[in-house]
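Peer 1: predicted structure and sequence below. I'll ask about it afterward.
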Amino acid sequence: MSKKDLGLLILILVVGAIVAIINPRFLLPINLANTSNLIGLFGILSIGQAFVIITGGIELSVGSVVALLGTLFIDFIAVREMEWPLAFVLILVLGAIIGLVHGWLITRLKLQPFVVTLCGLLIYRGVARFYTADGTAGFAFGQNFPDLEFLTAGRSYGVPNSFIALIVIAIVMWVVLHRSVFGRYLYAIGKNEEAAKYSGIRTGRVVMAAYVICGVLTALSAIYFAMYTRSISPASHGQFYELYAIAAAVLGGFSLRGGEGSLIGVILGTVLLQELQNLVNLLGIPSSLNFAVMGGVILIGVLVDQQWGVFRARRLMVDATRKSAAGAAAE
Amino acid sequence: MNYSDTSIVASTVAPFLSLENVRKTYPGVVALDGFSMEVRPGEVIGLVGENGAGKSTLMKILGGVTTPDTGTITVDGTAHKGLTVEGSLGSGIAFVHQELNLFDNLDVAANIFFGREPLRAGPLKLVDRAKLRTMVAPLLKRVGANFSADTPVATLSLAQQQMVEIAKALSIEARLVILDEPTSSLPLAETDKLLDVIKALKADGISVIFISHRLHEVERVADRVVVLRDGMLAGTLGKHDIGHDQMVKLMIGRMLKEREKASEAARAPGATALSAKAIRTPAYPARPVDLDVRRGEILGLAGLVGSGRTELARVFFGIDSSLGGALELDGKPLALGSAADAVAHGIFLVPEDRKLTGILLDLSIAQNISLPNLPAHARRSLVSTSAETATAEKQKKDLGIKAPSVQTRTGTLSGGNQQKVVLGKWLAMNPKVMILDEPTRGIDIGAKAEIYGLMRALADAGVAVLMISSDMEEVIGVSDRIAVMHEGQISGILDKDRFSQENVLLLAVGKLPK
């Protein structure tokens, strides 16, 4: 765990302690379970985003994808009566295809990630609304999927299964990002894509794979979100979720220029964001201020981190000059 | 023969600019030494010299970007120890750089008066476009422009863009215009236009310093030619002495140091490893290149900056795709879709720009060295740091990379050690063809010698080595054969018995060797 991650963890614990002192309900099992469920849902989404951001890209369409694929998933199992495991796999494949198309447009046709995924944001939202004729996708009365519901919205020993899913995914993705050949390529490309290319890395393929990973994880979280809300109005479902994901990554120490950030960081970023949401609720802050609180904390966090970096660089320089001055005096 | 200019004595006009005994050193290099020159009003000076002769340092001093260690600069009768950027501009010295500094999304008028636009009265301070146009029109007329003030710069040809730059210089009432390699990227017809503009400036009493590698153009416009060599004034040629051969002789200098290592037994040439057949690079799409690099040889690729050498290397390494022709490796057709393909075939490139493309400054030595061959340093796709460290340790030892450990960030290393890391990552992988683009640029002498030794060891091991270099002594001292490029084409290939700086330089400017 890096110093940055440790700092974030301490911040989470301090904020948690303060909230718990002011309002002890924060520590009630029901509150912790709810919050960790949300952490699970947004965490899966944010890990996908992190893989794209590490390459220096951005994926703005995830909120709309959550709406579109969630709508489709409910439609598949509730209306078209598809077997849920089949629908599950189908949705993941659709997510992969969306990621592949984005990656292809960005690496082969050299379009800017911001532009491609902004168009995706508009397109998928529009398609989702059209698909339901601006209605609501939901289950009919009495429709039940016990296995699916247990896996997505259920709990084991009081712990939400969505949170457990996040832990499992986080461990796997941690290995991929921090230990695998592919992960090393991602960092190399994020740091300096040209130099990576000159080292014989097929940078296009690697970047495309990052978007596919993001697409699949977004699809997975779309299913979790759908089973959590159980009814989806595509006009608003998943709105701004891309910003939650990006915010979690930035809070977790990712640089939007790419090449920087850790998996633990993005998880901690998600935890902090959800803790802040919870804080707004529990401390009786008007919920309309929700976004303002989040924005303020992110801004302060980034500012502190950046100023800390400047301070350290300056101290290093002062040290170096002092050393060289001492060396010169000794001569 | 005496090349000094007798008209200096005869002239009674005070010089606009004179430099006396100017010396400028950088750590480890004397860039300019005891350099003196004069520029009189309305005089066109040709400034020539090889890459690294000190021309850019001289320009930096005149532009006020850097100050000389010793010496005096007298501008318009006032002596200075050194100029500032504002001082240089204020006294009427204007630059037109090789890389044009125009905003191509703006029109001609906006570019010429950028930041100095005439403003309309009123609180909004809007640009007075009508007045702007009337101010620009006479300037464009003076440079003989055939385009109007509201033409977007992006639609202009290179020569026209240079006219805009010159008009910009005139707009600040320049008295000395310095043109740095203005014709290096111009086609012939456009060059004529530019030379006409120079003559028009001269007629207006404006002085011009014309820096160019194209000696016949210098011949055509210069009143006097100043030749720089190794940071020193190699000679001055008066109007009647200006000639191609005289310039070349002064540029190379003294006795021609021929074939320092000629005594070495001529190597038996190996089989052709990499062969280019009518390859056309994106930089010179109309100029096919044929070139064979043989196993066991160091082929030097000489030529002036911009002659298309780097572009050729990029095609050989699969970064750019050729617009035509074919590549062969060991006699078999070779299709390269990316650098990854080249690497898979054992064709490696040590690129010109180390920090941008050679290494990743934020990664450690070990991570840089393993990067092109990472799957070989992994078990079940997971990177094995111990395998990575072992490979890096070996290269660190073999190449003598000076660093606390292989986990050191490469960004903290010196230039020479960074270059060794770039070499190390390829040496760890059994190269077949090794391309090195300016491998010793910005590297101290000691590390240079080590890199030469490495290249020779590679060649001795049967690797085909292609070395691009603008350093004449390096090309002649290290190569087994020298191919010279001129404007996108191979203008000639010299075998060891015909190595001389003169021959290389003649080929580089597109003439036949002796």
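Peer 2: That came through, no problem. Residues are numbered from 1 along each chain as shown, chains lettered A, B, ... in the order given.

Peer 1: okay, now the domains of chain A?
Peer 2: A:3-285, A:288-331 (automatic domain parsing).

Peer 1: nearest to chain B, out of those domains?
Peer 2: domain A:3-285 (3.2 Å; C-beta to the nearest C-beta). Just so you know, the C-beta spots here come from the backbone N, C-alpha and C atoms, and that holds for glycine as well.

Peer 1: hmm, back to that, among the domains of chain A, which comes closest to residue B:139?
Peer 2: Closest approach to residue B:139 among the domains of chain A is made by domain A:3-285 (38.1 Å; C-beta to C-beta).

Peer 1: would you say residue B:210 is within a strand?
Peer 2: Yes: under DSSP: H, G, I helix; E, B strand; the rest coil, residue B:210 sits within a strand.

Peer 1: which residues sit in contact with it?
Peer 2: B:44, B:45, B:46, B:47, B:179, B:182, B:198, B:217, B:218, B:221, B:222 (C-beta atoms under 8 Å, 6 or more residues apart in numbering or on different chains).

Peer 1: hmm, back to that, going by mean pLDDT, which of the domains of chain A comes out lowest?
Peer 2: Lowest mean pLDDT within the domains of chain A: domain A:288-331, a mean of 76.

Peer 1: how is chain B divided into domains?
Peer 2: B:7-92+B:175-252, B:279-346+B:431-514, B:349-429.

Peer 1: just put those in TSV and tack on mean pLDDT.
Peer 2: Shown next, in TSV, are the domains of chain B (pLDDT from 0 to 100):
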stretch	mean pLDDT
domain B:7-92+B:175-252	84
domain B:279-346+B:431-514	90
domain B:349-429	92
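
Peer 1: those domains: which one's closest to residue A:286?
Peer 2: Closest to residue A:286 of these is domain B:349-429 (C-beta to C-beta; 43.9 Å).

Peer 1: what about the closest one, near chain A?
Peer 2: Yes: Domain B:349-429 lies within reach of chain A by C-beta under 8 Å from any C-beta of the partner chain, at B:349, B:351, B:356-363, B:367-368, B:371-372, B:374-375, B:378, B:381-383, B:425.

Peer 1: those residues, buried ones only, as a PyMOL selection?
Peer 2: Buried residues within the residues of domain B:349-429 next to chain A, by 16 or more other C-beta atoms under 10 Å in any protein chain shown, are selected in PyMOL with:
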select buried, chain B and resi 349+351+357+358+359+360+361+362+363+367+368+371+372+374+378+383+425
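
Peer 1: do stretch A:207-218 and chain B meet at all?
Peer 2: No: residues of stretch A:207-218 contacting chain B under C-beta under 8 Å from any C-beta: none, with a closest distance of 12.6 Å.

Peer 1: quick one: that stretch to chain centroid distance?
Peer 2: Centroid separation between stretch A:207-218 and its chain, computed with C-alpha atoms, centre = their mean, to the nearest Å, is 12 Å.

Peer 1: likewise stretch A:136-156?
Peer 2: For stretch A:136-156, the distance to the chain centre is 24 Å (C-alpha atoms, centre = their mean).

Peer 1: give the contact list for residue 194.
Peer 2: Assuming you mean chain A. So residue A:194 contacts B:356, B:357 (C-beta under 8 Å, 6+ apart).

Peer 1: you answered for a different chain; I wanted chain B.
Peer 2: Neighbour list for residue B:194: B:159, B:162, B:163, B:182, B:183, B:186 [criterion: C-beta under 8 Å, 6+ apart].

Peer 1: try residue A:294
Peer 2: A:247, A:273, A:276, A:277.

Peer 1: check which helix or strand the first one maps to.
Peer 2: Which is residue A:247. Element membership for residue A:247 (DSSP states H and E) is helix A:241-251.

Peer 1: same deal with the last one?
Peer 2: With elements delineated by DSSP H and E, residue A:277 resides in helix A:263-282, which encompasses its position.

Peer 1: helices and strands around that helix, which ones?
Peer 2: Packing partners of helix A:263-282 (3 or more C-beta pairs under 8 Å, 6 or more residues apart in numbering or on different chains; DSSP states H and E): helix A:3-22, helix A:29-54, helix A:161-179, helix A:241-251, helix A:290-330.

Peer 1: does any part of the second one sit near chain B?
Peer 2: This means helix A:29-54. No: Helix A:29-54 does not reach chain B (C-beta under 8 Å from any C-beta); its nearest approach is 13.0 Å.

Peer 1: dump the contacts of residue B:194 into TSV; add neighbour count and distance to residue B:495 as well.
Peer 2: Listed next are the contacts of residue B:194 as TSV, based on neighbours: other C-beta atoms under 10 Å in any protein chain shown; distance: C-beta to C-beta, whole Å:
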residue	neighbour count	distance to residue B:495
B:159	19	39
B:162	26	40
B:163	26	44
B:182	28	35
B:183	24	32
B:186	19	33
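
Peer 1: show me which pair in these is furthest apart.
Peer 2: Distance extremes for those: the farthest pair is B:163 and B:183 at 12.9 Å, using C-beta to C-beta.

Peer 1: what is the burial count for the residue nearest to residue B:91 when sequence neighbours are not counted?
Peer 2: Distance criterion C-beta to C-beta, 6 or more residues apart in numbering or on different chains; nearest residue to residue B:91, sequence neighbours excluded, is residue B:75 at 4.6 Å. Per other C-beta atoms under 10 Å in any protein chain shown, the neighbour tally for residue B:75 reads 23.

Peer 1: run through the bridge partners of residue B:75.
Peer 2: For residue B:75, the beta-bridge assignment (DSSP bridges) gives partners residue B:17, residue B:78.

Peer 1: these two touch, right, it and residue B:17?
Peer 2: Yes: with contact defined as C-beta atoms under 8 Å, residue B:75 reaches residue B:17; the gap is 5.5 Å.

Peer 1: where do the contact lists of the two overlap?
Peer 2: Residues touching both residue B:75 and residue B:17 (C-beta under 8 Å, 6+ apart) are residue B:93.

Peer 1: which stretch of helix or strand covers the spatially closest residue to residue A:108 that is not a sequence neighbour?
Peer 2: Nearest in space to residue A:108, with sequence neighbours left out and distances taken as C-beta to C-beta, 6+ apart, is residue A:204 at 6.6 Å. Taking DSSP H and E as the criterion, residue A:204 maps to helix A:203-229.

Peer 1: buried set for that helix?
Peer 2: Buried-residue list, helix A:203-229, by 16+ other C-beta under 10 Å: A:203-204, A:206-229.

Peer 1: you'd agree residue B:248 is in a strand?
Peer 2: No: membership of residue B:248 in a strand is not supported by three-state DSSP, which gives helix.

Peer 1: up against chain B, what does the stretch 151-300 of chain A have?
Peer 2: For the stretch 151-300 of chain A, the residues in contact with chain B (C-beta under 8 Å from any C-beta) are A:175, A:179-185, A:187-188, A:191-192, A:194-202, A:204, A:259.

Peer 1: OK, contacts around residue A:206?
Peer 2: With contact taken as C-beta under 8 Å, 6+ apart, residue A:206 is in contact with A:55, A:182, A:185, A:186, A:189.
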